[in-house]
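[1] Fold the following, please.
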Amino acid sequence: MKRWRWIIPALLLIIMTLPAVALAATTLSLTPTSAPPTKPVTVKGTGFGAAEAVDIYFNETDLMVAVTDGAGGFNKAIKVPASATPETHWITAVGRASGKAAQKSFIVRTNWPMFHIGLQHKGHNPYENVLSPGTVSGLDLAWNTVPIGSDVYSSPAIVNDILYIGGDTKFYAFNAKTGAFKWSPTVGGLIGSCPAVVSGKVYIGCYDYKLYAFNATTGAKLWDFPTGGIVASSPAVANGVVYFGSHDTKVYAVNANTGLAYWASPFLTGDAVQSSPAVVNGVVYIGSRDSKVYALNATTGLAYWASPFLTGGMVTSSPAVVAGVVYVTSRDFKLYALNATTGVKIWDFTTGDVVHSSPAVAHGMVYFGSRDDKFYALNATTGAKLWDFTTGGDVDSSPVVANGVVYFGSMDRRLYALNVATGALLWSATLADGIRETSPAVVNGMVYVGCFDGKVYAYSLEAGLPILAGISRPDPRRLIPDYRLPITP
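    Reported below is the predicted structural model:
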């Protein structure tokens, strides 16, 4: 009898578990849960039939057939369709034999986390699929902010539908879709740099001689790092390190989590460093007001090369590094193309006045503005001029390229959108004041820019914000079309 005291409960436990196993729900998980078009997404499913064919849908489109293992699970990678617009979509898995289904929402969204969108400073958003040469003429004002300063020098960063930008003595966060205010911690001076938003933290330089780190969700200050001069350089964050320059003539590398310094460049550049660093393949490329461009070891800060013989004017712009070439403008009226390994000049192009605009590079072309009131497009390989466009004022604004359109601002109080290939005017907006050093950001079907009237402006298509508001999908079992993908080995 003692033996049955143990056997009966064990049998009951087995009987009780059988229905749970038989009725185990299907599950679906996505990694990541948000990404731009064309990016890979890992889809993991469980609870389907063993060795069962499972169709994986992106909305109503059957992208792939996965065959489950003996336990009814699968792990497959799909690509977000290039045409998927910035909104909420649904990824669905449906078993062909069992009819079991599972579904998860997925957000198609592109982030603009730092100056000129990334560490290379190309100024090119390759994921934009809402605004194009055919649609950009429909842009209209979506929202603008109350003044955040007497003027705006900072450029915006947009991450997870939050816009970050600096003002006079505060650092601001707004809802990127609606412009609704979120928070604004106070700092000790004007913010002229573009924020960098990485891993839930925001880094920003300030005229009070400090670099700040804030919590990207709450705005709580995490730490600050003092330098010996104004920090107008926009920080770049790579591999847990924040790189930036200061008017104290140094370039710094700081731990992104703690704010402790790894190195300050062990040489004096000879003048203030206002340029923002590009970080590519373990090298930090940055300009100085001493008329030089530097390439530094990202780990030690030691210089690989400097280019004192190439520029006759201050280098306050930020370099773009593409395909082994450093593109940078100088106040000696020129744009330079330098060999990224040696610093040797490949070619230069002369404009009619000072150049402060940082170049954008895309599809074999280089775009930049000048204080001769013109905007230029050059062949990236030869430096030959392809076209120019005349505005009514200085063009210090750094351009951005997205889906066949190049955007930039001018001190003539206008924001421009031109055809990248021809320079033809596609659209422009008149603002209350000029656009000086702030660079526009073009992301998720919207255009953002700061203005000398102290406000931030956002533009979207006349259909407006509903395109970003999300959509509802039917029950996944209703997504099974009459025709499904064939099973391939």
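
[2] who's in contact with the closest residue to residue 31 other than its chain neighbours?
    Once flanking residues are discounted, residue 31 sits nearest to residue 42: 4.5 Å by Cβ to Cβ, 6 or more residues apart in numbering. Using the backbone N, CA and C atoms, a C-beta is placed for each residue, glycine as well. With contact set as Cβ atoms under 8 Å, 6 or more residues apart in numbering, residue 42 has these partners: 30-31, 75-77.

[3] Among the residues you listed, which one lies nearest to residue 358?
    Closest to residue 358 out of those is residue 31 (34.4 Å), distances taken as Cβ to Cβ.

[4] how many other residues sit next to the nearest residue to residue 132 once chain neighbours are set aside?
    Residue nearest to residue 132 in three dimensions, not counting chain neighbours: residue 403, with 4.8 Å by Cβ to Cβ, 6+ apart. Using other Cβ atoms under 10 Å, residue 403 has 19 other residues around it.

[5] again with residue 146
    Residues near residue 146, counting by other Cβ under 10 Å, number 9.

[6] quick revisit: now the buried members of the contacts of residue 42.
    Buried members of the contacts of residue 42, counted by 16 or more other Cβ atoms under 10 Å: 30, 76.

[7] Take the contacts of residue 42 and keep only those in strands.
    Assigned to strands by DSSP state E, the following of the contacts of residue 42 qualify: 30-31, 75-77.

[8] Mind jotting down where the strands sit in the stretch 351-489 of the chain?
    360-362, 365-369, 374-379, 385-390, 400-402, 405-409, 414-419, 425-430, 441-443, 446-450, 456-461 (DSSP state E, counting those that start in this stretch).

[9] again with the stretch 1-150 of the chain
    With DSSP E, counting those that start in this stretch as the criterion, the stretch 1-150 of the chain has strands spanning 27-31, 34-35, 40-46, 53-58, 61-67, 74-79, 88-95, 101-108, 124-125, 139-144.

[10] Pick the most buried one from these.
    Ranked by mean neighbour count under mean count of other Cβ atoms under 10 Å, the strands of the stretch 1-150 of the chain are led by strand 124-125, which reaches a mean of 25.

[11] residues touching the residue nearest to residue 351 when sequence neighbours are not counted, list them.
    Spatial nearest neighbour of residue 351, chain neighbours left out: residue 370 (4.1 Å); criterion: Cβ to Cβ, 6+ apart. Residues near residue 370 by Cβ under 8 Å, 6+ apart: 333, 351-355, 357, 376, 394-395.

[12] Out of these, the closest to residue 125 would be?
    For the contacts of residue 370, the nearest to residue 125 is residue 357 (17.7 Å; Cβ to Cβ).

[13] ok, now how distant is that closest one from residue 265?
    Note on residue 357: its distance to residue 265, by Cβ to Cβ, to the nearest Å, is 25 Å.

[14] The two: who's more crowded?
    residue 357 (29 against 23).

[15] pretty sure that one is in contact with residue 366, am I right?
    No - counting by Cβ atoms under 8 Å, residue 357 sits too far from residue 366 to count as a contact (11.1 Å).

[16] rewinding a little: out of the strands of the stretch 351-489 of the chain, which is closest to residue 101?
    Comparing the strands of the stretch 351-489 of the chain by Cβ to Cβ, strand 441-443 comes nearest, at 33.2 Å.

[17] that older thread, quickly list what the residue nearest to residue 31 is bridged to.
    Going by DSSP bridges, residue 42 is paired in beta bridges with residue 31, residue 77.

[18] Roughly how far does it sit from residue 79?
    Between residue 42 and residue 79 the computed distance is 11 Å (Cβ to Cβ).

[19] Kindly reformat the contacts of residue 370 as JSON lines containing pLDDT.
    Shown next, in JSON lines, are the contacts of residue 370 (pLDDT from 0 to 100):
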{"residue": "333", "pLDDT": "95"}
{"residue": "351", "pLDDT": "97"}
{"residue": "352", "pLDDT": "95"}
{"residue": "353", "pLDDT": "94"}
{"residue": "354", "pLDDT": "91"}
{"residue": "355", "pLDDT": "93"}
{"residue": "357", "pLDDT": "96"}
{"residue": "376", "pLDDT": "98"}
{"residue": "394", "pLDDT": "97"}
{"residue": "395", "pLDDT": "97"}
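
[20] buried subset of those?
    333, 351, 354-355, 357, 376, 394-395.

[21] Just confirm residue 96 contacts residue 56, I think it does.
    No - judged on Cβ under 8 Å, residue 96 makes no contact with residue 56 at a distance of 11.7 Å.

[22] so who does residue 248 touch?
    By Cβ under 8 Å, 6+ apart, residue 248 lies in contact with 209, 227-229, 272.

[23] Could you tell me which of the residues you listed belong to helices?
    Residues of the contacts of residue 248 located in helices (DSSP state H): none.

[24] Tabulate those (a markdown table), appending pLDDT and distance to residue 325.
    Formatted as a markdown table, the contacts of residue 248 follow (pLDDT from 0 to 100; distance: Cβ to Cβ, whole Å):
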| residue | pLDDT | distance to residue 325 |
| --- | --- | --- |
| 209 | 98 | 34 |
| 227 | 97 | 30 |
| 228 | 95 | 33 |
| 229 | 96 | 30 |
| 272 | 93 | 26 |
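
[25] Domains in the protein, by residue range?
    As assigned by automatic domain parsing, the chain contains the domains 13-109, 115-192+274-468.

[26] Please work out which of those is packed deepest.
    Comparing those by mean count of other Cβ under 10 Å gives domain 115-192+274-468 as most buried, with a mean of 21.

[27] Centre of the chain to it, how far?
    What separates the centre of domain 115-192+274-468 from the centre of its chain is 12 Å, taken as Cα atoms, centre = their mean, to the nearest Å.

[28] same check, this time on stretch 25-35
    The chain centroid and the centroid of stretch 25-35 are separated by 23 Å under Cα atoms, centre = their mean.

[29] and that stretch, average pLDDT?
    Across stretch 25-35, the average pLDDT comes to 96.

[30] repeat for stretch 213-221
    Averaging pLDDT along stretch 213-221 yields 98.

[31] now stretch 132-151
    For stretch 132-151, the mean per-residue pLDDT is 95.

[32] Could you tell me how far residue 407 is located from residue 455?
    Look at residue 407 and residue 455: by Cβ to Cβ, they are 18 Å apart.

[33] which residues in the protein form helices?
    Chain-ordered helices for the chain, with DSSP H as the definition, fall at 2-22.

[34] In it, what helix or strand scores lowest on average pLDDT?
    Ranking every helix and strand in the chain by mean pLDDT, DSSP states H and E puts helix 2-22 at the bottom, with a mean of 39.

[35] Residue 411 contacts residue 434, doesn't it?
    Yes - Residue 411 lies in contact with residue 434 (Cβ under 8 Å); the separation is 3.7 Å.

[36] Quick check: neighbours shared by those two?
    Here residue 411 and residue 434 have 393-394, 452 as joint contacts, going by Cβ under 8 Å, 6+ apart.
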